[in-house]
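K.L.:
quick one, fold the following:
(chains A and B)
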Amino acid sequence: DAGVIQSPRHEVTEMGQEVTLRCKPISGHNSLFWYRQTMMRGLELLIYFNNNVPIDDSGMPEDRFSAKMPNASFSTLKIQPSEPRDSAVYFCASSLGARGEQYFGPGTRLTVT
Amino acid sequence: QKEVEQNSGPLSVPEGAIASLNCTYSDRGSQSFFWYRQYSGKSPELIMSIYSNGDKEDGRFTAQLNKASQYVSLLIRDSQPSDSATYLCAVRKTDKLIFGTGTRLQVFP
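P.N.:
The predicted structure follows:
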């Protein structure tokens, strides 16, 4: 069975550029979560969706960050414009129901120079 | 006070020993608790979930929950070098998981 799929796995970009991260949840899962992990702050929830609807985006750091889930099998996290402090590993996780067990994708390592 | 606290370690144990990882949480109303294992450069992997007071065993892993004292622990029996990783404790708060910063475990031969 395919797990959560994320792309790209690595992204290096210059400050000011737009970055788009992609996620495909596990088939049949109806909740999707975007996390960011850094050494300083650990693993932080940015936003989550339930049945393609954003439920809580209180973890999104700034207006530069936006996320969409146009259908049950695809979500994007966009940063525009990117800044060096956005450098981190971004994980997507999915679950069956918002209170189900969450399974993580392999992550996207973002470096903004 | 952090919502979920873990000792960052490293916790070093010899191969074959029992590794004991601890986690405390602040929300007395929490009902669901999870342990994730994260190897360096990899994503968190769910290894245990526990919802009721007491022990839950799965192979070499035992999760222990004490809601009165607000702590959850993970025991790894017969530790192997392949168990060397960071172990993240997560506590559910409404629909979200709140993660601790993780405990780094080192198992030496």
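K.L.:
tally up the residues packed near residue A:106, please.
P.N.:
If you count neighbours by other CB atoms under 10 Å in any protein chain shown, residue A:106 ends up with 17. Using the backbone N, CA and C atoms, a C-beta is placed for each residue, glycine as well.
K.L.:
excluding chain neighbours, what is closest to it?
P.N.:
Nearest non-adjacent residue to residue A:106, counting by CB to CB, 6 or more residues apart in numbering or on different chains: residue B:43, 5.3 Å away.
K.L.:
how close does that neighbour get to residue A:64?
P.N.:
Applying CB to CB, to the nearest Å, the value for residue B:43 to residue A:64 is 24 Å.
K.L.:
looking at those two, which is more packed in?
P.N.:
More crowded of residue B:43 and residue A:64, by other CB under 10 Å: residue B:43, with 21 against 15.
K.L.:
now residue A:66, which residues is it bridged with?
P.N.:
residue A:78 (DSSP bridges).
K.L.:
residue contacts, it?
P.N.:
Applying CB atoms under 8 Å, 6 or more residues apart in numbering or on different chains to residue A:66 gives the contacts A:60, A:77, A:78, A:80.
K.L.:
pLDDT score assigned to it?
P.N.:
pLDDT for residue A:66: 97.
K.L.:
same check on the one 5 residues further on?
P.N.:
pLDDT, the model's per-residue confidence, is 95 for residue A:71.
K.L.:
which parts of stretch A:38-50 are buried?
P.N.:
Residues A:42, A:43, A:45, A:46, A:47, A:48, A:49, A:50 are the ones in stretch A:38-50 that count as buried (16 or more other CB atoms under 10 Å in any protein chain shown).
K.L.:
ok, now stretch B:66-79?
P.N.:
Residues B:67, B:71, B:72, B:73, B:74, B:75, B:76, B:79 are the ones in stretch B:66-79 that count as buried (16+ other CB under 10 Å).
K.L.:
point out where chain A drops to low pLDDT.
P.N.:
In the predicted model of chain A, residues A:1 satisfy pLDDT under 70.
K.L.:
the strands in the chain, which residues?
P.N.:
Here I'm looking at chain A. For chain A, strands defined by DSSP state E occupy the ranges A:5-7, A:10-13, A:19-24, A:31-38, A:42-50, A:53-56, A:65-71, A:74-79, A:88-95, A:103-104, A:108-112.
K.L.:
think we crossed wires, I meant chain B
P.N.:
Along chain B, counting by DSSP E, strands occupy B:4-5, B:11-14, B:19-25, B:33-38, B:45-50, B:54-58, B:61-66, B:71-76, B:85-93, B:96-99, B:103-108.
K.L.:
which bits of chain B sit near chain A?
P.N.:
Contacts of chain B with chain A, taken as CB under 8 Å from any CB of the partner chain, map to B:32, B:34, B:36, B:42-46, B:49, B:88, B:92, B:95-97, B:99-102.
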